[in-house]
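1. Give me a model of this one.
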Amino acid sequence: MSDGVPVPILMYHSVTREPSEETRALSVSPDRFAEQMELLAEHRCTPLTTAELAAIWRGGGRALPERPVLITFDDGYEGVHRHALPVLARHGFASTLFVSTGWLRGAHDTGRGLDTMLDWDQVRALAGQGMEIGGHSHTHPQLDQLPDDDLEFELRLCKEIVAEELGLVPASFAYPYGHSDRRVRRAVRAAGFAQSLAVGNGLARRRQGPYALQRVTMRRSTGAAEFERLIEGRAIGRTFATDRVLTKGYAVVRRARQARRKAARTRV
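-> Got it, this is the predicted structure:
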């Protein structure tokens, strides 16, 4: 199998029976998550961490396995430890958790988490079971809307806290809300992250480069048939057609906001 083969990167958030209103649409139930992991096993998929995929595509000497897939979780919801970890361990599946350090319970908590969040003991337990822990900023802002100093602060503090709490410097990053631009990607690289994930709702391909790998969104409405199509790379464009239209429209709004802020700073 060629190292240029497209890879589905699954983007999960909360795994819970009773999500908050803010997280409901992007949550999955524990039963649904277990069903989806069983489907990965039935399809003989081989889950990799984000760092593993990036290393392979950089030419690290290892070839892609048959049917590669990535299982990723954003933000740091408590259900990843309570519900997802036992299922992943049962199958022996690798995965990656991207934490917003200011949302996790503990000394760095800003109180802005959208539901019950992990604490650092739970994050350490996840890492101890082989889950890769990556960065997802400190307070989960829209990074492309921040001035340079604030952007650098969000990235640096997130990296420092993860390293302090785990004793391991995070190598991978995921953009909050999936938004990035060239400036943000340069800043993520300058902060020392070796690779980063966007959203895009498409398959990840080597040519996207290590700082713009696409993922597909897992929702509470994602049923078994749709899940199978996603991991097989079928009908992804049709599945996320509405999302892509909205994303393009919002990109225009975001660029206009950036232009107004740049003009305002210039006048000052």
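
2. Just give the number of residues close to the residue nearest to Thr49 when sequence neighbours are not counted.
-> In this structure, Thr49 finds its nearest non-sequential neighbour in Glu132, 4.0 Å apart by C-beta to C-beta, 6 or more residues apart in numbering. Yep, even glycine has a C-beta here, placed from its N, CA and C like the rest. Glu132 is flanked by 22 other residues according to other C-beta atoms under 10 Å.

3. One more: Thr239?
-> The number of residues packed around Thr239, counting by other C-beta under 10 Å, is 16.

4. Nearest spatial neighbour of it, chain-adjacent residues omitted?
-> Nearest one to Thr239, counting by C-beta to C-beta, 6+ apart, is Glu226 at 6.4 Å.

5. Work out for me the element the one you found sits within.
-> Secondary structure assignment for Glu226, by DSSP states H and E: helix 224-231.

6. Ok, Gln36 next?
-> Using DSSP H and E, Gln36 maps to helix 30-42.

7. Contacts for that helix next, please.
-> The contact list for helix 30-42 (C-beta atoms under 8 Å, 6 or more residues apart in numbering) reads 12, 15-17, 28, 47, 69, 71, 79, 83-84, 87-88, 91, 93, 218, 220, 222, 224, 227-228, 231.

8. Go again with 6 Å.
-> Residues from elsewhere that reach helix 30-42, judged by C-beta atoms under 6 Å, 6 or more residues apart in numbering: 15, 83, 87, 91, 227.

9. Likewise for stretch 182-199?
-> Contacts of stretch 182-199 (C-beta under 6 Å, 6+ apart): 54, 143-144, 151, 155-156, 159, 171-175, 178, 180, 210-215.

10. How far away from the center of its chain is it?
-> Centroid separation for stretch 182-199 versus its chain: 13 Å, with C-alpha atoms, centre = their mean, to the nearest Å.

11. same question for the longest strand along the chain, mean pLDDT?
-> Assignment by DSSP state E gives strand 68-75 as the longest strand of the chain. The pLDDT scores in strand 68-75 average 98.

12. which neighbours does that strand have in its sheet, and in what orientation?
-> Strand pairing for strand 68-75, determined by DSSP bridges: strand 9-12 (parallel), strand 46-48 (parallel), strand 96-99 (parallel).

13. one step back: can you give me the separation between the residue nearest to Thr49 and Arg229?
-> Distance of Glu132 to Arg229, computed by C-beta to C-beta, to the nearest Å: 26 Å.
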